[in-house]
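Undergrad: here is a sequence with its predicted model. Questions after.
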Amino acid sequence: MKNYYFTFGQDHCTIDGYPMKDHWVRVAAEDAIKARLLFISEFSSITMPARDKWSFQYDEDKFDKQLFPKGEYQFIADLRQDQPHWWGYEHVNGNLQAKVYYSQADLTEAESSPFVAQVVYPFLANGRDEALQFIRQQTHKTKESWQ
């Protein structure tokens, strides 16, 4: 397992309004892609106002902790390496779909489909039922923000 570091912009704040500038989140994972998926599912989708509210991902050998004086905000380890990543979407008719994540191609196709109302990006779950529950929560949060 390798360490990967995720940093934030000057105006990035948690959903509670805490400023994340000068902090990092460290993720231990098998590779950079798994680290990013884990970071999004276990941190940015939960703690930040949107899953894309972060700035950079660094490999350990390219990360300089001195540039982030407030230090590590959270550590996440990929302890569930055998657990599949899931993704899903809400169909325009309201049905929710949960899928095992294999590649970015699935997401790209869903994003461009006229039949997909909302895509829920890769996350970890223990089976289809837990994945559908997560998708339901994510689509419900978005619908609340529309009102």
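TA: Nice, I can see it. Residues are numbered from 1 along each chain as shown.
Undergrad: apart from its chain neighbours, what residue comes closest to the residue nearest the centre of the chain?
TA: Centroid-nearest residue in the chain, with CA atoms, centre = their mean: residue 40, separated by 1.5 Å. Leaving aside its chain neighbours, residue 40 sits nearest to residue 51 (5.2 Å; criterion: CB to CB, 6 or more residues apart in numbering). C-betas here are computed from N, CA, C, even on glycine.
Undergrad: how deep is that neighbour tucked in, by neighbour count?
TA: 18 (other CB atoms under 10 Å).
Undergrad: and it, what pLDDT?
TA: pLDDT for residue 51: 86.
Undergrad: next, give phi and psi for residue 117.
TA: phi -80, psi -40 (degrees, to the nearest 10).
Undergrad: look up how far residue 140 lies from it.
TA: As defined by CB to CB, to the nearest Å, residue 117 lies at a distance of 13 Å from residue 140.
Undergrad: who's more crowded, those two?
TA: residue 117 (16 against 10).
Undergrad: now the nearest residue to residue 128 once chain neighbours are set aside, what's its secondary structure?
TA: Among residues not flanking residue 128 along the chain, residue 98 sits closest, at 5.3 Å (CB to CB, 6+ apart). Secondary structure, DSSP: H, G, I helix; E, B strand; the rest coil: residue 98 is strand.
Undergrad: domains in this protein, by residue range?
TA: The chain breaks down by automatic domain parsing into domains covering 2-77, 85-146.
Undergrad: contact partners for residue 54?
TA: Residue 54 is in contact with 6-9, 12, 20, 25, 39, 44, 48, counting by CB atoms under 8 Å, 6 or more residues apart in numbering.
Undergrad: neighbours around residue 128, how many?
TA: Based on other CB under 10 Å, the number of other residues close to residue 128 is 13.
Undergrad: any regions of this protein where pLDDT drops low?
TA: For the chain, residues meeting the criterion pLDDT under 70 lie at 79-84, 141-147.
Undergrad: let's see 50
TA: 143-147 (pLDDT under 50).
Undergrad: still on that earlier bit, redo the contacts of residue 54 as a markdown table? Include neighbour count.
TA: Output for the contacts of residue 54, formatted as a markdown table (neighbours: other CB atoms under 10 Å):
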| residue | neighbour count |
| --- | --- |
| 6 | 25 |
| 7 | 20 |
| 8 | 23 |
| 9 | 12 |
| 12 | 19 |
| 20 | 24 |
| 25 | 22 |
| 39 | 23 |
| 44 | 22 |
| 48 | 18 |
